[in-house]
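In: Mind looking at a prediction? Sequence and model below.
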Amino acid sequence: MDKLLFGDNQFFGINHMSEEKARAQAMRFQKTDAIMQVLDTAYDAGIHTFMCTTHDRIAEVVDRVKAQPDRYADFTFYPCMPYAHKYANAVTDHGMVGALRSFMPEDGLLSTALAGGKALATKEVDGISKILIDMEMKMFQGVNAPVVFIQNVFTDLLLGMGFTRALRLFHDHVQEKYGAEPAYITMNMPMLLAALEKEGIERPIICSNINKIGFRMSGGFDAYLDALKSGRVRAVAMSVYASGAIPADEAIHWISELPGVESIVFGASSAGNIHGTKALVDKYMGVPA
Amino acid sequence: MLQEMREDKLKLAVVGLGKMGLSHFAMVNAHPDVEAVACDESGFMVDVLSKNINTPVFRGYDEMMDKAAPDAVVIATPSRLHAPMVRQALKAGMHVFCEKPFCLDWQDSTALTDLAANKGLVAQVGYHYRYVGAFQEMKRLIEAGAIGRVTHVLAEAYGPVVLRTKRQTWRSQKSEGGGCLYDYAAHPLNLLNWFFGAPAQVSGSVLSSVFSEGIDDEVFSTLRWDAGPTAQLSVNWSDESHRKMSTKISMIGTNGRLYADRQECQTYLRAPVESLPEYQPGWTVKYTTELTEDRQFYLRGEEYSGQLDDFVTAAQQGQGNALENSFASATETDQTMAMIIENADTGQPVGKAPVVVKSEKPARRRWFGR
């Protein structure tokens, strides 16, 4: 993994500080051209990995990258699945079973199994999970996607319920079918790490908030530091600036001294912020990202 | 009661595994002081979960009550079922956390509030916005008199729930507790009740459909308080421009203006207020991120974990009542919604014209004094 990864929240009207700002961003990035412009700035600054949601708009970005293989020779995607709103809306519209059925191939065995309203065999549950993963991966055909994340709402829902077998299913399918590294986004890193280890997953790639002030590090700051120091996790740090609460230099300096943090993911819309973060990561984390 | 003598975990059952129920279940199941169980009517959910998780999941409420005998329940079933299920749990001596809205008939709400009080049980409703840092700050500022006498309030909620004519679910049936009033407007109304109590009069209410058949997709109303403000309510769940539900309250008072949503609390003060030294005249913005403390487990926001943490704490400590969002407070919101429905049906104002406080006269200027 590169030291510095580029995130996509800013493109989709997600801002943890202000609804006004989120809307302004949604307006600005209405057109894919505007997204590409920012991605180009990041790419030309040497940030080659784009960690992105499996949002419909991303499919357009993938097409642009595919269309210019020379321009984007090193462009790497880290898909984060699923785009949760698609599923939440389907459940509102069709109920839980209906929603699942609407995503299965028509006339397939699984669609029939769901229609029967009968208990599903374990094999069928596994089959449904794999189809859902494949659906999300479809847009990345033909581009470089060596690490695949599962989004925090899903990771943490499964973690909370104790349905960690699904995380193992995800792990195996991503490795077997895509030859990629399975990875997990969470708001509860220490608890997730323990659960993944119980599923036999060693040294997982986990993306979580890691910042000097302990902002949204559920399970406790100390538990995070212990997990990082233990060498049992390959961490990707997000929210390193804690939504702007920590000065950039101080934030990156602090992260660079932590063991176990392999990468930082950040989102920005301006060239100034992109270059600023890149320069700090180069300065404190050694090897140019 | 038995559970008060026990030192061990709270045995807590989540009833109903729909969208809210699953999320509650994940949070309580991850809670270090809880031994969770769950139940649902749908064989599908029960079956998939039973085969894949260690926590017991039962088919049906009665079977779960018989076999698991929990200390407390979280009721997250369609709204129409809240009253009978809450009653059954209270009668069996269990603490109850009920999803919002509380009961569709506020007389049930009142009766259940009394029943819980008589039994000394913790009885709480899931109005999670009271656990959002920015709204807590707004409440603190109102109570400190930050913006003086509040006269003018706008309470809004928008989001993308019903965007086209579609298949019926319980959320799309009035008799089941569906509709934008119960689902969306309940939240800003509950905040208004928290800030100002029960309104004296409701008028100008409109409940209208945009895409749905037979239920409201948008809600308008004017609410007035005795010796208090007038609030306008504007709610619409057929608004695709919002990514998810957005609730916001703005208010103007004699000493300034307040605005809050899930992310931030913006304050404009005309003159400084002695008890609020950190607020200067002009604008001050505080973000939920700085106003909220981290929780043990995070799923969709600190507020969801926070309300369940409080419920578990109150039940374990045998407090006898909820720390926030008591049944009584949710009953006030049920009554307010009933006033809006009656007003929209009849076109007649509901309640009494409010007692109006005349603004205190400024001390007469003495042109020739001194």
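Out: Thanks, I have the structure now.
In: Report the mean confidence score over stretch B:82-89.
Out: Averaging pLDDT along stretch B:82-89 gives 98.
In: for stretch A:157-167, same thing?
Out: The model assigns stretch A:157-167 a mean pLDDT of 96.
In: Check stretch B:31-51 too.
Out: For stretch B:31-51, mean pLDDT rounds to 92.
In: Could you find the residue nearest the spatial middle of the chain?
Out: In the absence of a named chain, this looks at chain A. Geometric centre of chain A, nearest residue: residue A:80, 3.5 Å, by Cα atoms, centre = their mean.
In: sorry, should have said chain B
Out: For chain B, by Cα atoms, centre = their mean, the most central residue is residue B:127; offset 2.2 Å.
In: Could you say whether whichever residue of chain B sits closest to chain A sits in a helix, a strand or coil?
Out: The nearest approach of chain B to chain A comes at residue B:26, 2.7 Å away (Cβ to the nearest Cβ). (C-beta placed from N, C-alpha, C; glycine too.) Assigned by DSSP: H, G, I helix; E, B strand; the rest coil, the conformation of residue B:26 is helix.
In: Using the three-state scheme, assign the closest residue to chain B within chain A.
Out: The nearest approach of chain A to chain B comes at residue A:160, 2.7 Å away (Cβ to the nearest Cβ). Per three-state DSSP, the local secondary structure of residue A:160 is helix.
In: Not counting sequence-adjacent ones, nearest residue to it?
Out: residue B:26 (2.7 Å; Cβ to Cβ, 6 or more residues apart in numbering or on different chains).
In: for residue A:168, same thing?
Out: The nearest residue in space to residue A:168 (Cβ to Cβ, 6+ apart) is residue A:199, at 4.3 Å.
In: Pretty sure the residue of chain A closest to chain B sits against residue B:29.
Out: Yes - counting by Cβ atoms under 8 Å, residue B:29 is a contact partner of residue A:160 at 5.5 Å.
In: of the two, who's got more company?
Out: The residue with more neighbours, out of residue A:160 and residue B:29, is residue A:160; 26 against 23, by other Cβ atoms under 10 Å in any protein chain shown.
In: coming back round to it: contact partners for the closest residue to the residue nearest to the centre of chain B other than its chain neighbours?
Out: Setting aside the residues directly before and after it, residue B:127 is nearest to residue B:190 in space (Cβ to Cβ, 6+ apart), at 4.5 Å. If you count contacts by Cβ atoms under 8 Å, 6 or more residues apart in numbering or on different chains, residue B:190 has them with B:100, B:127, B:129-130, B:329-330, B:333.
In: Of those residues, which is the nearest to residue B:177?
Out: residue B:100 (9.9 Å; Cβ to Cβ).
In: ok, that closest one - contacts?
Out: Residue B:100 sits in contact with B:125-127, B:186-187, B:190, B:330, B:333, where contact means Cβ under 8 Å, 6+ apart.
In: Also residue B:325?
Out: Contacts of residue B:325 (Cβ under 8 Å, 6+ apart): B:124-127, B:130, B:307.
In: how about 7 Å then?
Out: Neighbouring residues of residue B:325 by Cβ atoms under 7 Å, 6 or more residues apart in numbering or on different chains: B:124-125, B:127, B:130, B:307.
In: Could you do residue B:321 as well?
Out: residue B:122.
In: Check the secondary structure at it for me.
Out: Under the three-state scheme (three-state DSSP), residue B:321 adopts coil.
In: Would you mind measuring from it to residue B:345?
Out: Per Cβ to Cβ, to the nearest Å, residue B:321 is found 34 Å from residue B:345.
In: List of residues touching stretch A:120-128?
Out: Residues lying outside stretch A:120-128 but in contact with it, judged by Cβ under 7 Å, 6+ apart, are A:100, A:104, A:110, A:113, A:169, B:47-48, B:51.
In: Could you export these as CSV, including secondary structure and distance to residue B:283?
Out: As requested, the contacts of stretch A:120-128 are exported to CSV (DSSP: H, G, I helix; E, B strand; the rest coil; distance: Cβ to Cβ, whole Å):
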residue, secondary structure, distance to residue B:283
A:100, helix, 48
A:104, coil, 52
A:110, helix, 56
A:113, helix, 58
A:169, helix, 50
B:47, helix, 55
B:48, helix, 51
B:51, helix, 55
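In: ChimeraX command to pick out the buried ones of the residues you listed?
Out: Those of the contacts of stretch A:120-128 that count as buried under 16 or more other Cβ atoms under 10 Å in any protein chain shown are selected in ChimeraX with:
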select /A:100,104,110,113,169 /B:47,48
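In: Against residue B:24, how distant is residue B:75?
Out: Residue B:75 is 10 Å from residue B:24, by Cβ to Cβ.
In: If you count surrounding residues, which of these two has more?
Out: Using other Cβ under 10 Å as the criterion, residue B:75 and residue B:24 rank with residue B:24 on top: 29 against 26.
In: picking up where we left off before, in contact with the residue nearest to the centre of chain B, which residues?
Out: B:100, B:187, B:190, B:325, B:330.
In: helix, strand or coil for residue B:93?
Out: coil.
In: likewise the one 10 residues further on?
Out: For residue B:103, the reduced secondary structure class is coil; criterion used: three-state DSSP.
In: Any stretches of chain A with poor pLDDT?
Out: For chain A, the stretches with pLDDT under 70 are A:116-118, A:287-289.
In: what ranges do the strands span in it?
Out: Along chain A, counting by DSSP state E, strands occupy A:4-6, A:49-53, A:76-81, A:147-150, A:181-185, A:205-209, A:234-238, A:261-266.
In: close to chain B, is the fifth one?
Out: By that I understand strand A:181-185. No - judged by Cβ under 7 Å from any Cβ of the partner chain, strand A:181-185 makes no contact with chain B; its nearest approach is 12.0 Å.
In: what packs against that strand?
Out: Using 3 or more Cβ pairs under 7 Å, 6 or more residues apart in numbering or on different chains; DSSP states H and E, the elements in contact with strand A:181-185 are strand A:147-150, helix A:152-161, helix A:165-178, strand A:205-209.
In: Perfect, that will be all.
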